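Coordinates for the following, if possible.
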Amino acid sequence: MKGSSARQDLSVILVTGSYDKEIRFWEAWSGICSKTISRSASSESGQVNRLAISPDKRLLAAAIHKKVNIYEISNASNTPIQMFEGNAGHTGNVTAVSFHAEGKWVVTGSEDGTIKIWDLMSGQPQRNYDNGAPVNDVCIHPNQGELISCDQAGSIKLWDLSENVCMLDLAPAGDVPIRSVTIASDGSCLVAGNNKSRRKISRDMFSGYNRQNLVYQSELGF
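This next block holds a predicted model:
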């Protein structure tokens, strides 16, 4: 891509978070830090575990210790506009966060072994799923009706958001923890990564979720 046209593309948002509690926005093409959400000077504790940007690029969700802060990206303030916490929140470190396509819901996963779906406006959890093991990552299927999670027990689970049930529970590499999971925009391929290999799980979109229709392919082994 030519430098001139690429540098004029302001749609790229790059955000990082770390153990120093700071959240930084970067200009993707210049590498310049354009904005910092400073938490180091506040009494707020906890490192930044995971970040997610809403589909309309208006909001940033930051998983911080046992809670999630929602920031307005265009706002210069360090104060979140919403927080997911409290008695109904997670009791363990929040390790996963993802926005629903319409931006009305946020999904979180935690070391406490639960997955929660939050209403963005009210800041209250609407659904709670018992994953049975510490959750490492979550992603929402492109059809927006299914949720995929991965965990420390080595499982990849498929959840039906309308029926509130786990439809499928897979262990591609036995009990080796699955660290991350993502899905293609057309839903045809799921890629999951662990400490030993990267696994690709594909399925025929028209033949349902029968185990016989799933193909495991180890693409990188150690």
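
what pLDDT does Leu14 get?
pLDDT recorded at Leu14 is 91.

How about Asp112?
On the pLDDT scale, Asp112 is placed at 97.

surely it meets Thr91?
Yes. At 4.6 Å, Asp112 and Thr91 qualify as touching, with contact defined as C-beta atoms under 8 Å. C-betas here are computed from N, CA, C, even on glycine.

Mind listing what's buried along stretch 79-87?
Neighbour-count burial for stretch 79-87, counted by 16 or more other C-beta atoms under 10 Å, picks out 80, 82, 84.

could those residues be laid out in TSV, adding distance to Gly46?
As requested, those are arranged in TSV below (distance: C-beta to C-beta, whole Å):
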residue	distance to Gly46
Pro80	13
Gln82	17
Phe84	13
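
closest to Lys66 among those residues?
If you rank the buried residues of stretch 79-87 by distance to Lys66 using C-beta to C-beta, Phe84 comes first, at 9.7 Å.

how about the helices in this structure?
3-7 (DSSP state H).

ok, now which ones touch the closest residue to Gly17 other than its chain neighbours?
Among residues not flanking Gly17 along the chain, Val48 sits closest, at 2.8 Å (C-beta to C-beta, 6 or more residues apart in numbering). Contact analysis of Val48 by C-beta atoms under 8 Å, 6 or more residues apart in numbering lists 17-19, 21-23, 62-64.

now Val48, which residues is it bridged with?
Ile64 (DSSP bridges).

Tell me how many other residues surround the residue nearest to Ala88 when sequence neighbours are not counted.
Residue nearest to Ala88 in three dimensions, not counting chain neighbours: Pro125, with 5.1 Å by C-beta to C-beta, 6+ apart. Using other C-beta atoms under 10 Å, Pro125 is surrounded by 18 other residues.

and the residue nearest to Gly17, what pLDDT?
On the pLDDT scale, Val48 gets 92.

do you know how far it is from Lys21?
Separation of Val48 from Lys21 (C-beta to C-beta, to the nearest Å) stands at 7 Å.

Now the common contact residues for the two.
By C-beta under 8 Å, 6+ apart, Val48 and Lys21 have these common neighbours: Ile64.

for Ile37, what are its contacts?
Here Ile37 is in contact with 22-24, 62, 71, 78 (criterion: C-beta under 8 Å, 6+ apart).

Most neighbours among these, which one is it?
Ala62 (24 neighbours).

Which residue is the nearest non-sequential neighbour of Asp186?
Pro142 (6.6 Å).

tally of neighbours for the one you found?
Neighbours of Pro142 (other C-beta under 10 Å): 14.

Surely it and Cys189 touch.
No. Between Pro142 and Cys189 there is no contact, the gap being 11.2 Å when judged by C-beta under 8 Å.

Identify the contacts common to those two.
Common neighbours of Pro142 and Cys189 (C-beta under 8 Å, 6+ apart) are Ile183.

which intervals of this structure have sub-threshold pLDDT?
Across the chain, the ranges flagged by pLDDT under 70 are 1-11, 40-45, 197-222.

residue contacts, Ile183?
Neighbouring residues of Ile183 by C-beta under 8 Å, 6+ apart: 139, 141-142, 148, 189-191.

measure it to Asp137 for me?
11 Å.

And for Ile13?
Look at Ile13 and Asp137: by C-beta to C-beta, they are 20 Å apart.

now do Leu170
As defined by C-beta to C-beta, Leu170 lies at a distance of 14 Å from Asp137.
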